[in-house]
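# Fold the following.
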Amino acid sequence: AAGNIGKNAVNAVDQKAPKSAFANIGARAIDGFINGLNARAPSLYYTAGGIANSVTRIIKNALRINSPSKVFIGIGESVIEGFAKGIDGGHKVIENSGKNLAKVAISSAKKPVDAFQNATDSQRTYREVMLLQELNGHENIIPLLNVIKAENDKDIYLVFEYMETDLHTVIRANILEPIHKKFIMYQLLKAMKFLHSAGIIHRDLKPSNILINSDSFIKVCDFGLARCTTSAIGKEVIMTDYVATRWYRAPEILLGSTRYGVQADMWSVGCIFGELLGGKPMFPGSSTLNQINKVLEVTGKPSEEDIKSINSELAGTMLENIVISKTKSLKALYPKASEDELDLLSKLLQFNPNKRIDVYKALEHEYVKEFHSQYSDTEIVCDKPIHIPIDDNKKYSAKEYRKRLYDEVLKRKKEIRRKMMALKNKK
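As a prediction, the model looks like this:
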């Protein structure tokens, strides 16, 4: 019966029942759908004929007519998994619901595409979950609210706080005022301070991996390529050179270094800053060599000291084959930028990683001074280095990553339940 209530509500939406009808059935429709899932009603209710999309419309209607918030809060894993099944893991379960969505605390569900299809994808899924579970708590890093193992033993659903859009979309819309750009940069630097103090390099910073809401609050996401700078088992960490989207990749990575550090993230921060100032990517290279060429047009040809700082045997040979026709100054690229903006951008985009500004000095820069002076108490550091529980230099099979991830998630959920019970018993 519960499943049928959900099905009937879906049919009502599909048949375009009057909006007034949902004032009475909105809450029951949601309850019916959830109960149907909990009671393991036939999957055809959720997967066939676009039914899941119709159920999404039910929730939107219920939001619009202000159904009691208790209907949406605490609906748990089953409804998230039900949506994810029906819409095949869409990045956002419900689009464009604005502030109403935040009020009723509905989350987004992300199903990593082919999360365990091969060893590389499995490794990245494992990294993202393990790291985000440790990083929960910083206001500018996306919180991982829940991890849900699918019934098919192949998929996994990651439940995050809902954010309205990403910085890539906002930059393209050309709606940011100078104060918004400054606030975004300040928050990004705060997130980097926390990550770098934990010994983590994000390695894939770009506007589409920075989520943002209508109040210009940002959260860094997508930690699938992140690496710890130290190993839990004491081994030297060897980095891969093919990471990050090419346009935001630091020179040391472009030139094949396997011993780079957190400075690589600061280069990406500089590329994002330039994009905020100019409204388009700074270095849209079409290949690795073309990318290096575009970088050198701005930074100029590196000195012997700069080349040595890259820590790559390939650097000298690759740079010999590049001819720079002309250089472009940052002032010429961004004629409307202030002196403070150009100064910070120049310090972030130093070819030599040893000369590149670190996040601590960047937060003290004149450009973000007005936020730093008011909110320095929120510029927190991690109290310990963060490691993942396995040797990240070694690649395991997809099956091993899946088993380890499920085991770690289950272990963590049990620990959280024990702590909650202990707190309850104290009361």
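# mind listing what the closest residue in space to Glu164 that isn't next to it in sequence touches?
Leaving aside its sequence neighbours, Glu164 sits nearest to Asn213 (CB to CB, 6 or more residues apart in numbering; 4.9 Å). (Glycine included, C-beta is placed from N, CA and C.) Asn213 sits next to 163-165 when contact means CB atoms under 8 Å, 6 or more residues apart in numbering.
# so where's the stretch 1-150 of the chain uncertain?
1-114 (pLDDT under 70).
# out of the contacts of Asn213, which are buried?
Among the contacts of Asn213, those scoring as buried are 163-164 (criterion: 16 or more other CB atoms under 10 Å).
# Quick one: classify Lys294 as helix, strand or coil.
helix (DSSP: H, G, I helix; E, B strand; the rest coil).
# what's near enough to touch it?
By CB under 8 Å, 6+ apart, the neighbours of Lys294 are 283-285.
# repeat for Ser376
Leu363.
# Looking at the contacts of Asn213, which are in helices?
Among the contacts of Asn213, none falls in helices (DSSP state H).
# Please identify which of the contacts of Asn213 is nearest to Gln263.
When the contacts of Asn213 are ranked by distance to Gln263 (CB to CB), Met163 comes first, at 27.7 Å.
# who's in contact with Ala398?
Per CB under 8 Å, 6+ apart, neighbours of Ala398: 116-119, 121-122.
# what's the closest non-adjacent residue to it?
Ser122 (4.2 Å).
# what does the helix or strand containing that neighbour contact?
In this structure, Ser122 sits in helix 119-135 according to DSSP states H and E. Identification of contacts with helix 119-135 by CB under 8 Å, 6+ apart yields 112, 114-116, 141-144, 147, 156, 158, 194-195, 198, 200, 222-227, 386, 388-390, 392, 395-398, 401-402, 404-405, 408-409, 412.
# What is the next helix or strand after it packed up against?
Downstream of helix 119-135, the next assigned helix or strand under DSSP H and E is strand 144-149. With contacts taken as 3 or more CB pairs under 8 Å, 6 or more residues apart in numbering; DSSP states H and E, strand 144-149 sits against helix 76-87, helix 119-135, strand 156-160, helix 398-426.
# Just checking: what are the partner strands of the third one?
On the basis of DSSP bridges, the sheet neighbours of strand 156-160 come out as strand 108-110 (antiparallel), strand 144-149 (antiparallel).
# Of all the residues in the last one, which ones are buried?
Of the residues in strand 144-149, those buried by neighbour count under the rule 16+ other CB under 10 Å are 144-145, 147-149.
# Extract the C-alpha trace of it and format it as PDB.
Written as PDB, here are the backbone C-alpha positions of strand 144-149 (Å, rounded to 0.1, in the frame of the first residue of the first chain):
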ATOM      1  CA  LEU A 144      30.600  14.400   3.400                       C
ATOM      2  CA  LEU A 145      27.300  13.700   5.200                       C
ATOM      3  CA  ASN A 146      26.900  10.100   4.400                       C
ATOM      4  CA  VAL A 147      28.200   7.200   2.300                       C
ATOM      5  CA  ILE A 148      25.700   4.700   1.100                       C
ATOM      6  CA  LYS A 149      26.500   1.300  -0.300                       C
END
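# Count the neighbours of Arg127 for me.
Neighbours of Arg127 under the rule other CB atoms under 10 Å: 21.
# what do you get for the one 4 residues further on?
Leu131 has 23 neighbours, counted by other CB under 10 Å.
# What of Asp215?
10.
# sec struct for it, please.
The three-state label given to Asp215 by three-state DSSP is coil.
# which residues does it contact?
Applying CB under 8 Å, 6+ apart, no residues contact Asp215.
# Angles on the backbone of it, please.
Per-residue torsions, Asp215: phi -100, psi 10 (degrees, to the nearest 10).
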